[in-house]
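S.K.: Let's see this in three dimensions:
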Amino acid sequence: MEPIKIDITILEPVQKVWDYYNTPKHITKWNFAHESWQCPSSENDLRVGGKFKNRMEAKDGSFGFDFEGVYDEVIPNEKIKYHMEDGRNVEVNFDKVDENTTKVRIEFDPEKQNSVEMQRDGWYAILNNFHKYVENH
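M.R.: Prediction:
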């Protein structure tokens with residue numbers, strides 16, 4: 001299957017966007033697709049071979065899972081590549097448009113259980129939540 005591609009432009013400097021995307025104290029504030037969900041914990045060892053684990057839970061406690069991966073490439077303020085436990089790959093690029101504008105581009109391998117549209121919408125909802133968080137904090 002073709003990778004899914006999404007992007008968003010954030011009106012903040014690339015260093016701030018990078019920090020907010022990769023720092024656990026910030027990840028827990030934006031890493032969910034809908035306000036009925038939360039990210040109560042985040043661990044992030046941002047280096048090649050390092051692992052991350054973000055806990056995703058419904059606020060009502062009805063469902064939860066760990067979103068985990070291992071980093072394959074890390075170029076500070078530019079790019080992150082990682083693979084998930086099921087072998088799917090993700091690449092996140094941080095493109096500096098100018099001093100106060102950053103474009104975040106994500107490309108990820110789809111899984112087979114849900115439609116491509118559902119997966120794109122879910123990942124985009126999280127990215128849009130991140131966008132709002134960065135610009136408002």
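S.K.: residue ranges of the helices in this protein, please?
M.R.: 14-22, 24-30, 116-136 (DSSP state H).
S.K.: need these in TSV with mean pLDDT, mean neighbour count and distance to residue 56, can you?
M.R.: The way it works is simple: take the backbone N, C-alpha and C, and place the C-beta from them, glycine included. Formatted as TSV, the helices of the chain follow (pLDDT from 0 to 100; neighbours: other CB atoms under 10 Å; distance: least, CB to CB, whole Å):
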stretch	mean pLDDT	mean neighbour count	distance to residue 56
helix 14-22	98	19	16
helix 24-30	98	16	11
helix 116-136	97	15	10
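S.K.: Flag every buried residue along the longest strand along the chain.
M.R.: Across the chain, the longest stretch assigned as strand under DSSP state E is strand 64-75. If you call a residue buried by 16 or more other CB atoms under 10 Å, then strand 64-75 has these buried ones: 69, 71, 74.
S.K.: what sits opposite the second one in the beta ladder?
M.R.: Pointing back at residue 71 there. residue 82 (DSSP bridges).
S.K.: Tell me who's in contact with it.
M.R.: 45-52, 80-82 (CB atoms under 8 Å, 6 or more residues apart in numbering).
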